[in-house]
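Participant: A predicted structure for the sequence below; I have some questions about it.
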Number of protein chains: 2
Amino acid sequence: MSTLKDVAERAGVTVTTVSRMLNNRGYVSEKTKNKIRQAMKELNYRPNEFARALSLQRSNFIGLIVPSARNMFFSKVIDSVERQVSKHGYKLLLCTSNLEPKKEFEYFDMLSANKVAGVIIASHTQDIDKKININAPVISIDRIISPQIPAICSDNYQGGVLAAEHLISKGCKKLAHISGSIHLNMDANKRYYGFKDVCEKKGVPHILIDATEEQFLSMNYDSIVNMLLDNYPDVDGIFTSNDIIAAQVIATCSRRGIKIPDQIKVVGYDDIDLCTIFNPSITTIRQAISEISLYAVESIISKAEKDKPIPSCIIFPVELIERETT
Amino acid sequence: MSTLKDVAERAGVTVTTVSRMLNNRGYVSEKTKNKIRQAMKELNYRPNEFARALSLQRSNFIGLIVPSARNMFFSKVIDSVERQVSKHGYKLLLCTSNLEPKKEFEYFDMLSANKVAGVIIASHTQDIDKKININAPVISIDRIISPQIPAICSDNYQGGVLAAEHLISKGCKKLAHISGSIHLNMDANKRYYGFKDVCEKKGVPHILIDATEEQFLSMNYDSIVNMLLDNYPDVDGIFTSNDIIAAQVIATCSRRGIKIPDQIKVVGYDDIDLCTIFNPSITTIRQAISEISLYAVESIISKAEKDKPIPSCIIFPVELIERETT
DNA sequence: TGTGAAATTGAAATCGATCTATAAAAAATA
DNA sequence: TATTTTTTATAGATCGATTTCAATTTCACA
């Protein structure tokens, strides 16, 4: 592996000049530039990222902390964040926390020691900023975890409104909301509030069912759906806080011979790939994950490179995608 | 951020001593050790990873290249690789290649410049080693891409055998195999060979249908399944090369009013989370993804740390998980 | 022809660790 | 007590980049 020095020697200049050219700072004549380009090509030169980071006191890494990579919502997040990160010439350090605050702290420590340009986190750990010590911008997505940490969310309240309005407009008389785990993601509670407000305004009875953290992680919502169907046989419209629960509702109903959308209509949340693989395909509230990822990555980069401030809260619009479950 | 030097000064020793203690190499008296520990605690010291990597000429990063993070098979791979990597004190650099060789080359270049301890790749790019230049162990998982690159696969042939035997034992008279994309993953062809050999031995007619790369990436197998059902109405057992196709078969059949498992039985491959969310739940061939990830990560680390050689091919057993589609 | 400003290059310090060679102190042995 | 051996600690080079400061060259203009 050849170094700056090798390139410099071969081009007959000093490392300073080569470095200046690489970072195009200061003056370098066209003639020398060509000699250097030539030398770099001949030696197949790649700058050593560590020397660079050591000198600059910052790296091209961006950290992403998610509860799990298996969950299809987060895997979509990971996929689009990675694409944005790499498009901007940065690299993604992926961390899965399993929702354990201790692991999150450790990851922050690690990311900090790696002088990342920034961290994107999807976590529910409230006020995490008080427990960590990091000198890089942190952005929370999908959740608000601290007043100090900028958050990029979708319009959860509006999502709830759209879902309820849609179900009611389709003729549902009694609604239920299954939350992903209401104490986990405070901002997602707004989905329920939006839903509730519409129900109340229109005089439609409704109930709320809350999943546990364990169910959220294992994506195992079987029992909670059964419980709902057992205890509230008159519910004819269900709004779930994520598509995986919606999928489970469909599977369970199909098992019980309940026809969707005839007997029960279902609206999910997120719009993950699952929605179109299922039969019936799932009506859902789409979160603009790619846009959110793009925004998160670009905010971090412009903060890191040009010290542009990051707005403390950005809300992206949501959209109801009508499919076969309603 | 405090440095080794700060710690050394505070403890009244030199950096050499502190470094020796950190890497426990050479002699350090218990008394000095305590002073150093004390100083480190007081200063909340974290070693600078870059200085370390620069000096050692290697890092704690492990690269993982997958076609996409959205695909549920790869997201399971990502999840378990990340867990293993972090358990061993390493960090995961995630790269998604979209199956584009050019992006893969760039990622290899980048990983190389970051002196990763090793690279785990799930790709179909044959003989990629001839196009890249990396000075770290590379391990291919799920696919064999070059005789020079060690591969960790599941027993694909046996998977095909198990699937065919199972379908036949359940009374199927005419079988079909839908391959993920047969030209993409040479080793997965063995799934078909195992399947075919059993069919031929037992005298069961069978057909093969191949998906395209585009379908593989978009996970959109709708048209291919419809084509199968249209052209071969007498098929009563389908073995798919991955669970997503199997899910699509179920959805499409359900749409057409074809009863599973009564009219058509289905066996998938991989055992991703989808299998149990679906109704009927999907009978599948389980790949030991966690074991494969564990093995891959540990091989890389023991190669990097102790220069232990990596066997050129490891095959993990597969297992048929019987569920409701058969 | 001289002058100052702009353009071009270089020497050497720096980032924060590791590591070799060496010296000093402590313990063991003669 | 003298000598060897074992422990312990240090100084200073090194990894491969960036960057400050200074030196030199070029060039327009009076």
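Facilitator: Structure received.
Participant: look up phi and psi at A:G237.
Facilitator: Note on A:G237: backbone dihedrals following degrees, to the nearest 10 are phi -150, psi 130.
Participant: now do the longest helix along chain A: which elements does it pack against?
Facilitator: In chain A, taking DSSP state H as the definition, the longest helix is helix A:289-306. Other helices and strands packing on helix A:289-306, by 3 or more C-beta pairs under 8 Å, 6 or more residues apart in numbering or on different chains; DSSP states H and E, are helix A:72-87, strand A:118-121, strand A:138-141, strand A:151-154, strand A:313-316. In this view, the C-beta of every residue, glycine as well, is placed from N, C-alpha and C.
Participant: alpha carbons of the longest one, in PDB - could you do that?
Facilitator: Taking only C-alpha atoms (Å, rounded to 0.1, in the frame of the first residue of the first chain), the coordinates of helix A:72-87 have been written out as PDB:
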ATOM      1  CA  MET A  72     -38.800  -4.900   8.700                       C
ATOM      2  CA  PHE A  73     -39.400  -1.300   9.500                       C
ATOM      3  CA  PHE A  74     -35.800  -0.900  10.800                       C
ATOM      4  CA  SER A  75     -34.400  -2.900   7.900                       C
ATOM      5  CA  LYS A  76     -36.000  -0.400   5.600                       C
ATOM      6  CA  VAL A  77     -34.500   2.400   7.600                       C
ATOM      7  CA  ILE A  78     -31.100   0.700   7.500                       C
ATOM      8  CA  ASP A  79     -31.300   0.200   3.800                       C
ATOM      9  CA  SER A  80     -32.100   3.700   3.000                       C
ATOM     10  CA  VAL A  81     -29.800   5.300   5.500                       C
ATOM     11  CA  GLU A  82     -26.900   3.200   4.100                       C
ATOM     12  CA  ARG A  83     -27.700   4.300   0.600                       C
ATOM     13  CA  GLN A  84     -27.700   7.900   1.600                       C
ATOM     14  CA  VAL A  85     -24.600   7.600   3.600                       C
ATOM     15  CA  SER A  86     -22.600   5.900   0.900                       C
ATOM     16  CA  LYS A  87     -23.900   8.300  -1.700                       C
END
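Participant: who touches that helix?
Facilitator: A:62, A:64, A:66-69, A:91-92, A:94, A:120, A:122, A:141-142, A:242-244, A:270, A:272-274, A:289-290, A:293-294, A:296-298, B:68-70, B:72, B:75, B:78, B:94-96, B:107 (C-beta atoms under 8 Å, 6 or more residues apart in numbering or on different chains).
Participant: got a PyMOL select line for the buried ones in those?
Facilitator: Command for PyMOL, covering only those of the contacts of helix A:72-87 found buried under the criterion 16 or more other C-beta atoms under 10 Å in any protein chain shown:
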select buried, (chain A and resi 62+64+66+67+68+69+91+92+94+120+122+141+142+242+243+244+270+272+273+274+289+293+294+296+297) or (chain B and resi 68+69+70+72+75+78+94+95+96+107)
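Participant: closest to DNA strand C out of the helices and strands packed on helix A:289-306?
Facilitator: Of all the helices and strands packed on helix A:289-306, strand A:118-121 sits nearest to DNA strand C, with 19.4 Å by C-beta to the nearest atom of the strand.
Participant: pairing partners for that closest one, with directions?
Facilitator: The strands beside strand A:118-121 in its sheet (DSSP bridges) come out as strand A:61-66 (parallel), strand A:138-141 (parallel).
Participant: looking at those, which is closest to A:A251?
Facilitator: strand A:61-66 (25.0 Å; C-beta to C-beta).
Participant: I'd like the average pLDDT over the closest one.
Facilitator: Averaging pLDDT along strand A:61-66 gives 96.
Participant: could you give the angle of it to helix A:289-306?
Facilitator: Put simply, strand A:61-66 runs at 140 degrees to helix A:289-306, going by axes from the mean of the first three to the mean of the last three C-alpha atoms, to 10 degrees.
Participant: what's in contact with strand A:61-66?
Facilitator: A:74, A:77-78, A:81-82, A:85, A:90-97, A:104, A:107-108, A:111, A:114-123, A:297, A:300.
Participant: got the CA positions of stretch A:104-124 in PDB?
Facilitator: Taking C-alpha atoms only, stretch A:104-124 is exported to PDB below (Å, rounded to 0.1, in the frame of the first residue of the first chain):
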ATOM      1  CA  GLU A 104     -26.900   2.100  23.600                       C
ATOM      2  CA  PHE A 105     -24.500   3.900  26.000                       C
ATOM      3  CA  GLU A 106     -21.700   1.600  25.000                       C
ATOM      4  CA  TYR A 107     -22.400   2.200  21.300                       C
ATOM      5  CA  PHE A 108     -22.300   5.900  21.900                       C
ATOM      6  CA  ASP A 109     -19.000   5.600  23.600                       C
ATOM      7  CA  MET A 110     -17.700   3.600  20.800                       C
ATOM      8  CA  LEU A 111     -19.000   5.900  18.100                       C
ATOM      9  CA  SER A 112     -17.500   8.800  20.100                       C
ATOM     10  CA  ALA A 113     -14.100   7.200  20.200                       C
ATOM     11  CA  ASN A 114     -14.400   6.700  16.500                       C
ATOM     12  CA  LYS A 115     -15.100  10.400  16.100                       C
ATOM     13  CA  VAL A 116     -18.100   9.800  13.900                       C
ATOM     14  CA  ALA A 117     -19.500  12.700  11.900                       C
ATOM     15  CA  GLY A 118     -22.900  12.100  13.600                       C
ATOM     16  CA  VAL A 119     -25.300   9.500  15.000                       C
ATOM     17  CA  ILE A 120     -28.700   8.600  13.800                       C
ATOM     18  CA  ILE A 121     -30.700   6.800  16.500                       C
ATOM     19  CA  ALA A 122     -34.000   5.100  16.600                       C
ATOM     20  CA  SER A 123     -34.500   4.400  20.200                       C
ATOM     21  CA  HIS A 124     -37.000   5.000  23.000                       C
END
